[in-house]
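K.L.:
Below are the sequence and a predicted model for it; my questions follow.
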Amino acid sequence: MTEAAFRPIDDVGLRLPKGMPEDIAEPFLEYVVGKAGTLRGSAAPMAEPMAKESPLARLRFVLDIAKQHVLPGTDAIVQEFANAPAKIECRAGCSFCCHQNVDVTIPEAILIALRLADPEDPRRSAVLSAAEAFAGVEDDARIALGRPCPLLIDKRCSVYEDRPIACRSLTSPDAERCDDAMRSLEAGEGVLPIEVYLVLQFLCNGEQSAMRGICRDVGLQDDIVELTQTVAAILRDETLVERWAKGERVFTPRD
Ligand code: SF4
């Protein structure tokens, strides 16, 4: 991508993580908005002509931006945060956070659906069954179900390289509390609160906003959607991605 002018993200907004107070310090807010606007701006010179290209070219363009820039950009933010005095205790095998609804941009969901393209992949039926079980279930109730993301296999994310921004940014300074919460969930003893870095989630929500803005610049539906429901919808209807790439609003927004 090119060094380009800042492009505001006002039209797509910036989501506040659940539980984060609204009175965010102005310089911090400006920093997050600036970073997102710069990422969107760096794609803009290619995105706008791309709006006139074929649906396949547009699809390739946004998936490439997601994979080459937005997801690595999220990792860089998380790494920078981890290098600061903040300690992140998340590790492989720890999976309490994989029991939640996951808010994603549409390209993120498509990247994951593409990984399930093999008709023999057992995760396909797991996603379809989970989508049915989770349909209409609110965030808190979803955790209380105690049923993990269908992409979690042996307590490991089976799509780790393409896991969404929301999964990358959900981090904790206290693994012991997550372990306690997991044990309580498994024992059917209810949902215990865990500690997460809301500030890091907010920083990474800027990447989501940039991705949404880039979709919008290319003329594509740019809503935030729920991961399991959207991947299941793509698996059920093979025409959805093509229709989305043509500019149709085919996915159910989260908000
Ligand atoms: S996509 Fe991976 S990291 Fe995200 S909730 Fe599912 S299993 Fe967990």
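P.N.:
Sure thing, it's come through.
K.L.:
burial measure for the closest residue to Pro55 other than its chain neighbours, as a count.
P.N.:
Leaving aside its sequence neighbours, Pro55 sits nearest to Ala245 (C-beta to C-beta, 6 or more residues apart in numbering; 3.6 Å). Backbone N, C-alpha and C define where each C-beta goes, glycine included. For Ala245, the count of nearby residues is 24 (other C-beta atoms under 10 Å).
K.L.:
for Arg254, same thing?
P.N.:
16.
K.L.:
Ala92 too?
P.N.:
9.
K.L.:
And for the one 10 residues further on?
P.N.:
Neighbouring residues of Val102 were enumerated by other C-beta under 10 Å; the total is 26.
K.L.:
Now do the helix or strand in which Ala233 is found: distance to the chain's middle.
P.N.:
According to DSSP states H and E, Ala233 maps onto helix 227-236. Offset of helix 227-236 from its chain centre (C-alpha atoms, centre = their mean, to the nearest Å): 14 Å.
K.L.:
I am assuming the residue nearest to Pro55 contacts Leu56, so please confirm or correct that.
P.N.:
Yes - in this structure Ala245 lies within contact range of Leu56 using C-beta atoms under 8 Å: 6.8 Å.
K.L.:
picking that back up, how near is the residue nearest to Pro55 to Lys35?
P.N.:
27 Å (C-beta to C-beta, to the nearest Å).
K.L.:
one step back: for the next helix or strand along the chain from the helix holding Ala233, which residues meet the burial criterion?
P.N.:
Downstream of helix 227-236, the first helix or strand assigned by DSSP H and E is helix 240-245. By neighbour count with 16 or more other C-beta atoms under 10 Å, helix 240-245 contains the buried residues 240-241, 244-245.
K.L.:
Return the distance of helix 240-245 from the chain's centre.
P.N.:
With C-alpha atoms, centre = their mean, you get 19 Å for helix 240-245.
K.L.:
cool, stretch 240-249 as well?
P.N.:
The answer for stretch 240-249 is 19 Å, by C-alpha atoms, centre = their mean.
K.L.:
And for stretch 92-100?
P.N.:
15 Å.
K.L.:
residues making contact with it?
P.N.:
90, 139, 142-143, 145-149, 152, 155-157, 167, 170, 172, 175, 178-179, 181-182, 185, 194, 196 (C-beta atoms under 8 Å, 6 or more residues apart in numbering).
K.L.:
ok, which of those residues also contact the ligand?
P.N.:
Residues of these in contact with the ligand (C-beta under 6 Å from any ligand atom): 149, 152, 157, 167.
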